[in-house]
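A structural model of the following input is requested.
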Amino acid sequence: MPGSRSGGPVNRSNGQRRGATIAPVHETHRVVIIGAGPSGLSVGRSLAERGVPAVILERASAVGPAWRNHYERLHLHTVKKHSTLPYHAWPDHVPLYPSRAEVVDYLESYAKRIEPMIRLDQNVTSARHEGGKWVVRTQSAELHTANLIVATGYNRRPNKPTWTGQETFRGSILHSSEYRTGKTWKGKRALVVGIGNSGGEIAIDLWEQGALETAIAVRSPLHILPRDLFGTPAQVTAILTSRLPTALVDRITLALLDRLQGDLSKWGLRRPAEGPMTSLAKYGRVPLLDIGTVELIQQGHIDVVPGIERFTEERVVFSDGRERAFDVVVLATGYQAALNEFLDDAARHVTDRGYPKRFGQEAETPGLFFIGYRNPGIGQLNDISKEAVRVAAAIAEKPHG
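Numbering: from 1, shown residues only. A predicted model of the protein is given here:
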């Protein structure tokens, strides 16, 4: 399968393979980029187009590691036309909503144009501002730079909540980052915790692949939007309405949802008091772009249960007192950016949710830039592309020695 091979550029510091002993080296670069996912690759390519040299450090052994490790069924929920990275169109044969494997192929193709600047198997252990420069340390090198771009993404650390009694549970508990396919759980009783876009699609996958029972634990109200409305992708609608007042977009959207969906609370799906665009802007709560989960719930193929209270050896106890036996519990509970794991004085630059305060522009500390930490209605890859071009232009205009 294209998305499961190691693939991609193989440039490694000093030409060494993973596990080899590498003597520490000291280097100076105009720009250092941390992360070779869509964000890091985009800004690297944008800098290269302006003749600005840079080096990209990636801790994994291939570019786009997050996309390589997602579950097999995953597709982009945004259309390829509006999900391109700078200077590189999608191939004509790729469908409207590219698959995980097709995204990996696209990233590999994208990376080939800037392969010399990519260094794989380079885990950044610290990034500190010292003497007016940034000092970035990996397991084998110390790099000094005037400009540091942090592009490590949302998915650096899986968010794994815990509950009383889960250590005694005889079934399996795994995070969505460890989930690959529902084939593993055919004939088993499965519970998905969380109904974001990953949780909604994993529940579909479990049912399609023959799970004996499939349930989703939904603790909080959420907005559910159809991925396509009257043949128009939700992303396209978001782009067309992006300049309208948020309150107006919410009113229009909620009126349409009332007519198309009606009240979903009888199936355990409650709607928040604030509109979807307000919730996204204020709290970063991304609506579920529904690709069939709601229909399966309404048909009785997927059950909705409340939040988990605790575990017993064989059962899950929910907040309303109900108990059910499950063989596997999949935690679709998101990720943390975890910038504090390597970025010195990270608290200065991030919100209480752990995401950067400034996007696509220079941060409070000179020479520091963040890219790829938003997920707006227009689509994350769309936003990354715009941020990359903007950051590259800002760095190209800065004086350098």
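
so what's Val25 scoring on pLDDT?
Note on Val25: pLDDT of 79.

Over to the one 4 residues further on?
Predicted confidence (pLDDT) for His29: 96.

List the buried residues of the helix or strand in which it is found.
Using DSSP states H and E, His29 falls within strand 25-34. Buried residues in strand 25-34, counting neighbours by 16 or more other CB atoms under 10 Å, are found at His29, Arg30, Val31, Val32, Ile33, Ile34. The C-beta positions use only the backbone N, C-alpha and C, and glycine is treated the same way.

try stretch 388-401
By 16+ other CB under 10 Å, the buried positions in stretch 388-401 come out as Ala388, Val389, Arg390, Val391, Ala392, Ile395, Ala396.

which other residues reach that stretch?
30-31, 39, 42-43, 45-47, 49-52, 85-86, 146-147, 149, 360-362, 369, 371 (CB atoms under 8 Å, 6 or more residues apart in numbering).

What pairs with the strand holding His29, parallel or antiparallel?
strand 55-57 (parallel), strand 141-150 (parallel) (DSSP bridges).

Show me which residues of whatever helix or strand comes next after that strand are buried.
Next in sequence after strand 25-34, counting helices and strands by DSSP H and E, comes helix 38-49. Neighbour counts using 16+ other CB under 10 Å place Pro38, Ser39, Gly40, Leu41, Ser42, Val43, Gly44, Arg45, Ser46, Leu47, Ala48 of helix 38-49 among the buried residues.

Now helix 38-49 - C-alpha only, CSV.
Output of helix 38-49 as CSV, limited to C-alpha atoms (Å, rounded to 0.1, in the frame of the first residue of the first chain):
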residue,chain,number,x,y,z
PRO,A,38,2.7,19.3,5.3
SER,A,39,3.6,22.5,7.2
GLY,A,40,7.3,22.0,7.3
LEU,A,41,7.5,20.9,3.7
SER,A,42,5.3,23.8,2.5
VAL,A,43,7.4,26.5,4.2
GLY,A,44,10.6,24.8,3.1
ARG,A,45,9.5,24.7,-0.5
SER,A,46,8.3,28.3,-0.3
LEU,A,47,11.7,29.4,1.0
ALA,A,48,13.4,27.5,-1.7
GLU,A,49,11.4,29.3,-4.4
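
sorry, back to before: so which of the buried residues of stretch 388-401 is the closest to Asn155?
For the buried residues of stretch 388-401, the minimum distance to Asn155 (CB to CB) is 18.1 Å, reached by Ala388.

May I see the domains of the protein written out as residue ranges?
What automatic domain parsing lists as the domains of the chain is 2-156+337-396, 159-331.

out of those domains, deepest packed?
domain 2-156+337-396 (a mean of 19; mean count of other CB atoms under 10 Å).

Quickly find the element holding Tyr110.
Under the assignment here (DSSP H and E), Tyr110 is part of helix 100-112.

next structured bit after that helix?
Following helix 100-112 toward the C-terminus (DSSP H and E): strand 118-119.

Can you list the strands that that next one pairs with?
With DSSP bridges as the test, strand 118-119 is paired with strand 55-57 (parallel).

Report the distance from the strand it pairs with to the chain centre.
Chain-centre distance of strand 55-57: 20 Å, with CA atoms, centre = their mean, to the nearest Å.

Need the residues that contact it.
27, 29, 31-36, 40-41, 44, 114, 117-119, 122, 124, 136, 138, 143.

Equivalent analysis for stretch 310-319, please.
163-166, 168-171, 191, 217, 219, 305-309, 323-326, 329.

Distance from the chain centre to the helix or strand containing Ala127, please.
Assigned by DSSP H and E, Ala127 belongs to strand 124-130. Strand 124-130 has its C-alpha centroid displaced from the chain centroid by 24 Å (CA atoms, centre = their mean).

ok, back up a step: mean pLDDT lowest for which of the domains of the chain?
Of all the domains of the chain, domain 2-156+337-396 has the smallest average pLDDT, which comes to a mean of 90.

Could you point out which of the buried residues of helix 38-49 is nearest to Leu260?
Looking across the buried residues of helix 38-49 and measuring by CB to CB, the closest to Leu260 is Pro38, at 31.9 Å.

Give the full set of residues in contact with the nearest residue in space to that closest one that is not next to it in sequence.
Leaving aside its chain neighbours, Pro38 sits nearest to Ile384 (5.5 Å; criterion: CB to CB, 6 or more residues apart in numbering). Ile384 is in contact with Pro38, Ser39, Ser42, Leu85, Ile371, Gly372, counting by CB under 8 Å, 6+ apart.

run the last query once more with 10 Å
Contacts for Ile384 (CB atoms under 10 Å, 6 or more residues apart in numbering) come out as 37-43, 83, 85-86, 151, 153, 359-360, 371-375.

what do you get for Val103?
With contact taken as CB under 10 Å, 6+ apart, Val103 is in contact with 2-3, 38, 64, 66-68, 70, 74-76, 80, 83, 90, 94, 381.

what do you get for Ile204?
Applying CB under 10 Å, 6+ apart, we find Ile204 in contact with Arg73, Gly182, Val192, Thr214, Ile291, Gly292, Thr293, Glu295, Leu296, His301, Ile302.

Take the residues you listed and keep only those in helices.
Thr293, Glu295, Leu296 (DSSP state H).

my guess is the first one contacts Leu206, does it?
When you say that, I think you mean Thr293. No. Using CB atoms under 10 Å, Thr293 is not in contact with Leu206; the gap is 11.1 Å.

Regarding the chain, what is its longest helix?
Counting residues, the longest helix in the chain under DSSP H turns out to be helix 380-396.

Tell me how far it lies from the chain's centre.
With CA atoms, centre = their mean as the basis, helix 380-396 stands 17 Å off its chain's centre.

okay, the angle between that helix and strand 141-150?
With axes from the mean of the first three to the mean of the last three CA atoms, to 10 degrees as the basis, helix 380-396 and strand 141-150 are set at 120 degrees to each other.

could you check the angle helix 38-49 makes with helix 380-396?
Relative orientation of helix 380-396 with respect to helix 38-49: 40 degrees, computed using the same axes, to 10 degrees.

quick one: the closest residue in space to Arg157 that isn't next to it in sequence from Thr312, how far?
Of all residues beyond its chain neighbours, the one nearest Arg157 is Ala338 (4.0 Å), with distances taken as CB to CB, 6+ apart. Distance of Ala338 to Thr312, computed by CB to CB, to the nearest Å: 32 Å.
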